[in-house]
Each structure stands twice: as C-alpha cells, then as structure tokens.
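*Asks:* Sequence unavailable; structure follows:
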C-alpha cells in the first residue's frame, strides 16, 4: 500500500473524531491541549496522536501542546471542510426531513441546496427554509445549480432508478441511506453509506456475545 | 488474536450485509444461490463467501449452492436476531421520530417498548402506536418492563447525564446517535454509534481526494 493510501485511510477513520473533539475544546475556549491530555480524553495514546498529526508535518510545539483552534482549522482543511460542496436531498419522508433538519451541513463541508420528493402533496412544504420540489424538476435544477452530491433517503428500488439519472446530471457523490449498493453498480463515484439496520444488527450481535461471557 | 474474536470481527463486519442480500433473495423467492452468483451480486469472491460460511460449519451442499431461506435463518440465529431484545427510545425530536418510524426493529433483533422525551408537550403523542412518555416516568417503566437497550437521539450533554441512570436501571446496550462517547466513560456496555456527521465528513474528504486525481 502506498503512503498516500495509508494517509487517506487513517484520515477517514480518525480525523472526523479528532475534529469533533477539537471543535468542542474550541467552543469551550480551551486554547491549548497537550497530546497526553487529548489522548486521555479520547481514549487513545499520546504517541498515536503525535504520529497521526506528524503525518501532516505536525501541528504542536514541543512542551506547549497544540493550539486547539489552529489544529481544528488544519484538520478541517485536510478534510476539505473549508470548501463546501452543494448537496441535494432526494426523499423528504420522515428520515429525509430528520436528516435535513438535524444536520448542520456547513460544519461538515456541505451546503444543502435543494430538497426533492416524488410525492406531489409535499411540493412547496418548507424544510430548512427551502421548499420541497417535485422530482420532475430535478434535471433542470441540476442544470441550473450544478449540485455536486446527493443524499438518498428513499427505498432501494427508487435509488436504483435515480442514481444513474443523478450521475448523468453531473452528481458524483452520494450520502446513501438506502440499501441500494451504489459502489457495486457505478464506478468513479464517492459513496458513504449509512446502513442503520446493519448498525442495529451489530448491536444485537454484541448483546448476544456479551450474554455468553 | 483468538479464533472467537476473529469470528466476532468478521460476523459483525460482513454478516449484516449477507443478511440483507439473502433476505431480499428470500423475498424474491430465489430459493437457491451458488457462492459464485452470490459473490458476483455482492462484489465479493466466491472463496471469501465459502470461507465465511465454513467458519460456522458451512451451509451449502457442493454443486447445489445455498438454500437462501435456510442460510438467511442461520445467519439470523448467529447474529441473535431470533431472540429480540426490548429497546426504548430516548428523545422524540425529529431524529428520534424518524428512527422510530423508519426502522422495522423486529427484523433486526429488537422490539421497541417505550418512547421517552423530557419535553412535556410531547407527552401522549403517538409514535408507532406508542405514546411518548415523560422522562420522569423512566425509572418506574424500567422497573416494570426491564428494557435491555436504549436508543439515544438526544444531545451529548443530555446523553452524558442519562447514560449512568439508564445503566443503573439495568440497561446494558446503547444505539447511540449522540456524540457522547459512552464506551470511553462506561465499561461493560454494548455500544453502536451512528455518527452521521462523521459519515458526512468522510464523504467530503472522499470528494476532495477524487478531485485531486
């Protein structure tokens, strides 16, 4: 495995958590933190933290710890959070509405630019200061606004139909709450799946295992 | 690493996906499938599939493929899905309501037995044929009904307060949508986190990386 791939893997794995912790420290006005203290609070080792951050040239000064605001901003930059992508939501049912309402997209590198549903009775309802649009207007919306990513809060069968359309409209990234396996069927797109049922099954299995002990 | 731990790891990692695929085959009345065909549809190799299933003694018959219904039931049994656990929902805001409304708990090893929120104006509203209860009644509910797990759809600060209470009421498993780090603060509990923001940050990073190429 080459070095770049190795960096990608750990960035993707650990950086979101670092970012969350550091954002909290920044909000609490804790201006500096040592790798030892950060390690303690995150359940890691100080050497792991130093090693992770050193991959990018290191952010700390020996004996002074890390400047939390600077470190937070650096991590945001490495993850690309400082250049927000335009994202649209497909599916404004319970889950879609909750995701749209719950997430502060701009904190995580995105701007929600449109909400779509095939259900005509939803058209015009407001989610996050934005009207729900009918799916029939999706193509024109994409031509005019060139969104880069889509959130899929729709059933598998609908996802299977709409993903090729979205790709043909220029969308190259999917935050996928459906069980349709996008990566298996389409190349050269970015996909992050949120499989809630898998997570719940894992909890069930963990409970079974813990009862055995 | 001992064998048991190794089995746990791959079961937790791959079995939910196997289960989803096989459930779909079962629903579509595809009674048999070869490891080769299953591999193709899942983007795996036939030998990986055979190896995974052989860990549990194997389910297929050489030349006949797998009986999908049998295999599906066996996986459900291995994961403990056939012995549902009682789970309560803490937090009936947008996200909690969507999770409760969206999930077929019984398919994934759980029965939703109670919904709680601190907001008194929610009390009595119905989610999934169940009244939202005020948090003040939580202790008595747990004494009477002995739920085994809790879904946390509340902010970090509230999760931090309520988790020790829930543990003292006998709850030993958490499906955690908050960013409060339960495993770091409490031992001997099962935790599955759903960190939506981490997933969104990963998508942002993937997009940044793909633009570089």
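*Replies:* Perfect, thanks for sending it. None of these values were measured; they are calculated from a predicted model.
*Asks:* same for the longest strand anywhere in chain A, what does it pack against?
*Replies:* For chain A, the strand with the greatest residue count under DSSP state E is strand A:110-117. For strand A:110-117, the contact count by 3 or more C-beta pairs under 8 Å, 6 or more residues apart in numbering or on different chains; DSSP states H and E identifies strand A:85-90, helix A:94-102, strand A:130-134, helix A:138-145 as packing neighbours. Using the backbone N, CA and C atoms, a C-beta is placed for each residue, glycine as well.
*Asks:* can I get the ones you listed in TSV with distance to residue B:94?
*Replies:* Output for the helices and strands packed on strand A:110-117, formatted as TSV (distance: least, C-beta to C-beta, whole Å):
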stretch	distance to residue B:94
strand A:85-90	14
helix A:94-102	4
strand A:130-134	15
helix A:138-145	24
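*Asks:* Adding mean neighbour count as columns, could you present the ones you listed in JSON lines?
*Replies:* Listed next are the helices and strands packed on strand A:110-117 as JSON lines, based on neighbours: other C-beta atoms under 10 Å in any protein chain shown:
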{"stretch": "strand A:85-90", "mean neighbour count": "24"}
{"stretch": "helix A:94-102", "mean neighbour count": "21"}
{"stretch": "strand A:130-134", "mean neighbour count": "17"}
{"stretch": "helix A:138-145", "mean neighbour count": "14"}
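*Asks:* Turn these into JSON lines, including distance to residue A:21 and mean pLDDT.
*Replies:* Conversion of the helices and strands packed on strand A:110-117 to JSON lines gives the following (distance: least, C-beta to C-beta, whole Å; pLDDT from 0 to 100):
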{"stretch": "strand A:85-90", "distance to residue A:21": "24", "mean pLDDT": "98"}
{"stretch": "helix A:94-102", "distance to residue A:21": "20", "mean pLDDT": "94"}
{"stretch": "strand A:130-134", "distance to residue A:21": "31", "mean pLDDT": "97"}
{"stretch": "helix A:138-145", "distance to residue A:21": "34", "mean pLDDT": "98"}
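*Asks:* related to what we said a few turns ago, just want the angle from the longest strand of chain A to strand A:85-90.
*Replies:* 20 degrees (axes from the mean of the first three to the mean of the last three C-alpha atoms, to 10 degrees).
*Asks:* Past strand A:110-117, which element shows up next along the chain?
*Replies:* strand A:126-127 (DSSP states H and E).
*Asks:* so does that following strand get close to chain B?
*Replies:* No: remark: strand A:126-127 sits outside contact range of chain B, by C-beta under 8 Å from any C-beta of the partner chain, the gap being at least 10.2 Å.
*Asks:* List the neighbouring strands of that strand plus their orientation.
*Replies:* In the sheet, strand A:126-127 lines up against strand A:130-134 (antiparallel) (DSSP bridges).
*Asks:* by how many degrees do the strand it pairs with and helix A:138-145 diverge?
*Replies:* On the basis of the same axes, to 10 degrees, strand A:130-134 is oriented at 130 degrees to helix A:138-145.
*Asks:* which residues are contacting strand A:130-134?
*Replies:* With contacts defined as C-beta atoms under 8 Å, 6 or more residues apart in numbering or on different chains, strand A:130-134 is touched by A:92, A:112, A:114-118, A:120, A:122-126, A:141.
*Asks:* circling back to that earlier point, what's the spacing between the longest strand of chain A and its chain's center?
*Replies:* Relative to the chain's own centre, strand A:110-117 is displaced by 15 Å; criterion: C-alpha atoms, centre = their mean, to the nearest Å.
*Asks:* average model confidence for that strand?
*Replies:* Mean per-residue pLDDT for strand A:110-117: 98.
*Asks:* what comes into contact with it?
*Replies:* Under C-beta under 8 Å, 6+ apart, the answer for strand A:110-117 is A:84-93, A:96, A:100, A:105, A:123, A:127-128, A:130-135, A:137-138, A:141, A:145, A:147, A:149, B:200, B:204.
*Asks:* closest one to residue B:212 among the helices and strands packed on strand A:110-117?
*Replies:* For the helices and strands packed on strand A:110-117, proximity to residue B:212 was assessed by C-beta to C-beta; strand A:85-90 is nearest, at 14.4 Å.
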